[in-house]
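>>> Make a model of this:
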Amino acid sequence: MGQQNWNKVDFEKEYKRKVKIGGAAAKSLKNNKTFISNYAVSQATTMTGSNTSSTKAVYSEVSLGGLTNESYLQMTNELYEEFVKELTAAGLQITDGTDVLASEFVQEKMSKDKGSDFIGSTGDQPYYEGKKKITDGAIPGYTAWAVTRDITFRPANKNIYYTSNIIKSGNFYQKLSTREDVNLLDVNYFVAFASFEGSRGYKDIKLSTQPVMSVGVQIKLITPNGSGNWITYSKGIWGNADWSEGIVKGKDNKNASEALGLARSAEYDIAANPEKYVEELKAIIINLQKDIVKGIREEL
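Numbers count the residues shown, from 1 in each chain. Just a heads-up that it's a prediction; the model follows:
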């Protein structure tokens, strides 16, 4: 795909944006403060593809090279600040969450110290690695599946109220929203860097690996009235691959400064030009955020 001018893309039309915010929820967004309880950009770092027949199987594992935690965190910080500006301009009363986390309800929850809950400041190095569960084929959330390892970034020194426990997440967020009369907004972007395409010949099977940039987003909006609000994009966003400098043999002794996350490598690396990669990704997310806010504003 060639270079895209993301300022001119109609995200609602191209990527099938759908928004549902009920009347009571819209009133709450106008009258009550809104806390961005979680803002994250998850970047795939290792992806695995396969192609099988009745007698053979081929596999390909690639990692992303060329980016650093420092540059990615800087981008995440900037994207977060832009998002806050867009939401404020749309009329939302954004709080940094200090008052919310100081509430008796949250303080009591923090005292119980459950491992799946993340409450408080993100700190100076707000990123952590993830990997797929043994029971899963890949890490969920990504437009391009086959992600086996990733690293999630949050903006530095920002308050969050988040749980990784999917089963209890409904009560976790709704009780806080209802008790404190606060709207909670949770946004997580998922970025992948490779695609795999299999083919079959008369006697063999093949698997090709190509650099891509795919971006998906999951958005949760919780309001005190408990209505089912949602903002979705039914199509994934695919950027260009001009950032790629080719596929190279992976290095087992990769220095920590050469890669996102811990110093590890797959059999092959897709080497990224860091400036081009960040520039493309930042342009996509900035304009996607504008469309998210546009969708919210139209419902108010």
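
>>> Only C-alpha atoms from now on, for both contacts and neighbour counts.
Noted.

>>> ranges for the helices of the chain?
Counting by DSSP state H, the chain has these helices, from start to end: 11-14, 23-31, 69-89, 98-101, 104-112, 169-180, 274-299.

>>> where does this protein have its least confident helix or strand?
strand 57-65 (a mean of 80; mean pLDDT, DSSP states H and E).

>>> ok, what's across the strand from the residue nearest the centre of the chain?
Here the mean C-alpha position of the chain is nearest to the C-alpha of Tyr189 (CA atoms, centre = their mean), at a distance of 2.0 Å. Beta-bridge partners recorded for Tyr189 (DSSP bridges): Val41, Val217.

>>> ok, now which ones touch it?
Listed by CA atoms under 8 Å, 6 or more residues apart in numbering, the contact set of Tyr189 reads Ala40, Val41, Ser42, Val215, Gly216, Val217, Gln218.

>>> So among those residues, which ones count as buried?
Buried members of these, scored by 16 or more other CA atoms under 10 Å, are Ala40, Val41, Ser42, Val215, Gly216, Val217.

>>> Any stretches of this protein with poor pLDDT?
Residues of the chain that meet the criterion pLDDT under 70 lie in 1-3, 51-59, 113, 135, 198-207, 250-265.

>>> tell me the two of the buried ones among the contacts of Tyr189 that are most distant?
By the measure CA to CA, Ala40 and Val215 form the most distant pair in those, at 12.7 Å.

>>> which of the residues in stretch 180-198 are buried?
Neighbour counts over stretch 180-198 (16+ other CA under 10 Å) mark 180-196 as buried.

>>> which ones among these are found in strands?
When DSSP state E defines the strands, the subset of these inside them is 183-196.

>>> between these, which is closest to Leu64?
Nearest to Leu64 among these is Phe193, at 7.2 Å by CA to CA.

>>> circling back to that earlier point, distance of the residue nearest to the centre of the chain from Glu275?
Note on Tyr189: its distance to Glu275, by CA to CA, to the nearest Å, is 19 Å.

>>> next one: Lys249
Lys249 sits 22 Å away from Glu275, going by CA to CA.

>>> For the stretch 201-300 of the chain, which segments count as strands?
With DSSP state E, counting those that start in this stretch as the criterion, the stretch 201-300 of the chain has strands at 205-222, 230-233, 237-239, 244-249, 268-272.

>>> what's in contact with the second one?
Residues external to strand 230-233 that are found in contact with it (CA under 8 Å, 6+ apart): 12, 15-21, 216-221, 292, 295.

>>> if you set the cut-off to 7 Å instead, what comes out?
Tyr15, Lys16, Arg17, Lys18, Val19, Lys20, Ile21, Ile219, Lys220, Leu221 (CA atoms under 7 Å, 6 or more residues apart in numbering).

>>> filter those residues to the buried ones?
By neighbour count, with 16+ other CA under 10 Å, the contacts of strand 230-233 hold Tyr15, Arg17, Val19, Lys20, Ile21, Ile219, Lys220, Leu221 as buried.

>>> Specify which member of those residues is nearest to Leu281.
Nearest to Leu281, judged by CA to CA, of the buried ones among the contacts of strand 230-233 is Tyr15 at 16.2 Å.

>>> surely Gln218 meets Asp186?
No: Gln218 lies out of contact with Asp186 (CA atoms under 7 Å); the separation is 8.0 Å.

>>> which one of the strands of the stretch 201-300 of the chain is the most hemmed in?
Mean neighbours per residue, mean count of other CA atoms under 10 Å, is largest over those for strand 268-272, with a mean of 22.

>>> Sheet partners, orientation included, of that strand?
When pairing is defined by DSSP bridges, strand 268-272 lines up against strand 57-65 (parallel), strand 244-249 (antiparallel).

>>> what's the closest of those strands to Glu78?
Glu78 sits nearest to strand 57-65 of all these, at 22.1 Å, using CA to CA.

>>> list the contacts for Val212?
By CA under 7 Å, 6+ apart, the contact set of Val212 is Phe193, Ala194, Ser195, Gly239, Asn240, Ala241.

>>> Nearest to Ser227 among the residues you listed?
Gly239 (34.1 Å).

>>> check contacts around the closest one.
Shown in contact with Gly239 (CA under 7 Å, 6+ apart): Val212, Met213, Ser214.
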